[in-house]
Each structure stands twice: as structure tokens, then as C-alpha cells.
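1. The sequence and its predicted three-dimensional model are supplied below.
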Amino acid sequence: MRIKDCNNTADFRRLAKKRLPAPLFHYIDGGSDDEITLRRNTEAFDKVRLIPNVLADLSAMDLSVKVLGQDIEWPVFCSPTGMSRLFHHHGERAVCRAAHKAGTMYTLSTLSTVSIEEIAALTPGPKCFQLYIHKDRGLSYAFIERCKEAKFSSLCLTVDTLVAGNRERDLITGMVMPPKFTLSSMLSFMLHPSWALHFLMSEKFQLANVAGQIEAGTGKLTSVIDYINSQFDRSITWKDAEQAIQAWGGPFAIKGAMSVEDARRAVDIGASAIMISNHGGRQLDGSTAPFDQLAAIVDAVGDKIEVILDGGVRRGTHVLKALAMGARACMVGRAYLYALAAGGQPAVERALDRLRQEVERDMILMGCSSVSELNRSKLQFD
Ligand SMILES: Cc1cc2nc3c(=O)[nH]c(=O)nc-3n(C[C@H](O)[C@H](O)[C@H](O)COP(=O)(O)O)c2cc1C
């Protein structure tokens, strides 16, 4: 199987599984506990069906939306994912460049292996920075200042990761960062010589935004779970989120709020957007899916704040269903990460292009020439 044989997220996932050592594949693919929420995130889209209209003059299409102050060419952008260099030596650079080529926005994780400044200079495209509030508050506020300096277009604060989810696949595979070449993992690394060679020959693994400030960022061996549990501040409240919004002074999203109450609080503190998300099923297992919460949140705050859906999106029709339900846009994580692992930047470009083509084709099949025509009358419920 080659990149050009990959036509959808499932194909890229299969190729990623072949190309990555097991600890890394399972780190991307897995969820928490019994992975019920992970599965539910995608299955939730099946509970509604699309109702197409016909003969609607679809000679000109407009898929563009404005999200977090930026015009993007189609209603999907990249979720933040940490440590991308583990999955391919092109890492975050590949995804950022591919997002720009695809006419959409890139979101850089706090836990990236390329720095805020380097990503800012890489493309002229819109960029969001994802903030985790560390116990070292000075470090967290320094991120905001660095993003201002580097001219990021927006910020999002992830609020669902005060403690790491129970990702049991990582316990079984012994996933640590940077990867450890132990006897038990050696076989898996040996079976993937191309990945191992690139990892060892290219630049040193580090959490580029915290390097030099936190020991774990400097390449010292640690588990992701230990990093989150030791560094992230569990005492943060809505007051802290409000202060971060004020310190930033531009478009700002709360990522990981799932309840109507929290969506209302996000409005109260002056957030520009809420990203309905359960971290791709990696945190609280048994929690509801973003798509399941979308209608209630749109009805409560959709006229006051941008509502963005994050989690489970694998197909163009998922995007159409979310937009018809009232989302401003969707975010994707694994849909581009599998591609990154499968083949670096060219594969991410193909994955985003294929998804964009799906969205456009599905819009035509729905009889809609603009995303503004998608609404709940286009959905059938049980
Ligand atoms: C490997 C991996 C790493 C992630 N790292 C981060 C991160 O650093 N910060 C964050 O806010 N979310 C992170 N997420 C969650 C994504 O931003 C996003 O919420 C999730 O992937 C959406 O679900 P999807 O993969 O089904 O699209 C990560 C997800 C994955 C799969």
C-alpha cells in the first residue's frame, strides 16, 4: 500500500499502522479506558441522516467560512496535536505547510517539537496556538506574549487535560517521550528501520516551547502521562481563562468544554469560540460525543459565540452534518496524523485534499452551493 492508494482516513490509518513502531501508532490511535467515547465520537454522526435537495444550480461553490477571525477556504482546520516529530521526522512543519496549501488553519500545540517562532515564520497562513496552563504560570503567560510577538492569529485554551486520561495502550506498549529503545520495544523499532533511522539521524527530539525551562522538555525520558500530571495546573478556573483572554486580547477559544453550562460560562468570560471536544476520546471515557452535544450548545449560545466541533470527524459527510446542526467549522486530529505517520507532508496534503474534495462533492450532492445553506431542515432525526 502506498500513499497514492490512500483515499480516506481509514486507508491512511492502515498505512500508518504499517509504518510506525507499535508504541507510536497506538499513542495516536488509542483512547482512554475501554475507548467507548473514542468510538462514539465517530458513531454519533450516524444517528442523523442527510436530506438532499436537487436541481439547485451548483455551478459555483463557496465552502469558505470565517473562524476565529480568519477566512478559511473550507470549513475544516487542524486540531493541535503534541509531539508530531515522533510520528514522522517532518513533524509539525509538514502539517503546518500542508494546512496552508489546503487553504486552512493550523493549530500548534504547546507540546510541539517545533517552536512557536519557527512555525510562525513557516507560512503566511492563519495559525492558532493551543495553550496548556502549566503550574509555572510565568511560562504560560510567556507563551501568550511569544504568540503575540510571532503574530499568531488566535489562541485556544485546552481545559480537559488537568490530569492525563487512562490510556492503557500506552501502558502496554511502554510509550515514553522520546522513544526508548529497550529490549521489549526494540523488535518493533527494528521492524520499522526507516522510521528508526530518520528518528535517530534527524534533529534531537525536544518539546521546543518548553525546552530549557522544564526538564521534561529537554529530551530527558518521561511518559506523556507523567508530564501532564506533574506540569499542568489543576487549580485553574474560569477566572484564569478570563485573564488569559484579556492578556491575549484577540480571538480566543475554549477547547474541551462539553456542557451547555460551560458554553454559557465561555460566553460570560468573553471567549470568541468554544471547541466542543473530549480530546478525541483520550480523556474521560464514557463521556458524551461532541456531535451529541452540538445541538444543545448551538441552541444555547450559537448566536453569541462561534461553536466549533472537534472529534470523530473522518468523512466529508460528518462535516456537513455538524454544519447543518449549527457548527461554524470542524477540526480534525487523527485524520491528518495518520497521514503524517504514513508519509510526511505529501501524505498530509493528500489527506486534507481528499477530505476537502469529499466536503465539496457532498455539498453538491446535497444541493447546497454555500455552507450557509446547511441547516437542520437538511437533517433527519430518529
Ligand atoms: C496523538 C494526539 C495528540 C494530541 N495532542 C494534543 C495537544 O497537545 N493539545 C490538545 O489540546 N489536544 C491534543 N489532542 C487532541 C486533538 O486536539 C483533538 O481534540 C482530537 O484529536 C480530535 O479528535 P479526532 O482525532 O477524532 O479528530 C491530541 C490528539 C492526538 C490523537
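-> Nice, thanks for sending it over. Numbering: from 1, shown residues only.

2. which non-adjacent residue is nearest the closest residue to the ligand within the stretch 201-350 of the chain?
-> Closest to the ligand within the stretch 201-350 of the chain is Gly333: 2.1 Å, counting by CB to the nearest ligand atom. For glycine as for every other residue, the C-beta is placed from the backbone atoms N, C-alpha and C. Excluding the flanking residues, the one nearest Gly333 by CB to CB, 6 or more residues apart in numbering is Ser79, at 3.9 Å.

3. Skip ahead from the helix or strand hosting Leu197 and say which helix or strand is next.
-> Here Leu197, judged by DSSP states H and E, is contained in helix 193-201. Using DSSP H and E, the next helix or strand after helix 193-201 towards the C-terminus is helix 224-231.

4. Name the residues that touch the next helix or strand after that following helix?
-> On the C-terminal side of helix 224-231, the closest following helix or strand by DSSP H and E is helix 238-248. By CB atoms under 8 Å, 6 or more residues apart in numbering, the list of residues contacting helix 238-248 from outside reads 131, 133, 140-141, 144, 147-148, 155, 157, 159, 252, 254, 265-266, 268-271.

5. Just the CA atoms of helix 238-248, as PDB, please.
-> Output of helix 238-248 as PDB, limited to C-alpha atoms (Å, rounded to 0.1, in the frame of the first residue of the first chain):
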ATOM      1  CA  TRP A 238     -12.800  30.300  34.700                       C
ATOM      2  CA  LYS A 239     -11.100  33.400  36.300                       C
ATOM      3  CA  ASP A 240      -7.800  32.200  34.900                       C
ATOM      4  CA  ALA A 241      -9.300  31.600  31.500                       C
ATOM      5  CA  GLU A 242     -10.700  35.100  31.600                       C
ATOM      6  CA  GLN A 243      -7.300  36.500  32.500                       C
ATOM      7  CA  ALA A 244      -5.700  34.600  29.600                       C
ATOM      8  CA  ILE A 245      -8.300  36.100  27.200                       C
ATOM      9  CA  GLN A 246      -7.500  39.500  28.500                       C
ATOM     10  CA  ALA A 247      -3.800  39.000  28.200                       C
ATOM     11  CA  TRP A 248      -4.200  37.800  24.600                       C
END
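
6. relative orientation of whichever helix or strand comes after that helix and helix 238-248 in degrees?
-> For helix 238-248, the following helix or strand on the C-terminal side (DSSP H and E) is strand 252-257. Interaxial angle of strand 252-257 relative to helix 238-248 (axes from the mean of the first three to the mean of the last three CA atoms, to 10 degrees): 150 degrees.

7. just the CA coordinates of whichever helix or strand comes after strand 252-257, formatted as PDB?
-> Next along the chain after strand 252-257, taking DSSP H and E as the criterion, comes helix 260-268. Listed next in PDB are the C-alpha coordinates belonging to helix 260-268 (Å, rounded to 0.1, in the frame of the first residue of the first chain):
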ATOM      1  CA  VAL A 260     -24.200  23.900  28.000                       C
ATOM      2  CA  GLU A 261     -23.400  25.400  31.400                       C
ATOM      3  CA  ASP A 262     -19.700  25.700  30.400                       C
ATOM      4  CA  ALA A 263     -20.500  27.000  27.000                       C
ATOM      5  CA  ARG A 264     -22.500  29.800  28.700                       C
ATOM      6  CA  ARG A 265     -19.500  30.500  31.000                       C
ATOM      7  CA  ALA A 266     -17.300  30.800  28.000                       C
ATOM      8  CA  VAL A 267     -19.600  33.500  26.600                       C
ATOM      9  CA  ASP A 268     -19.600  35.200  30.000                       C
END
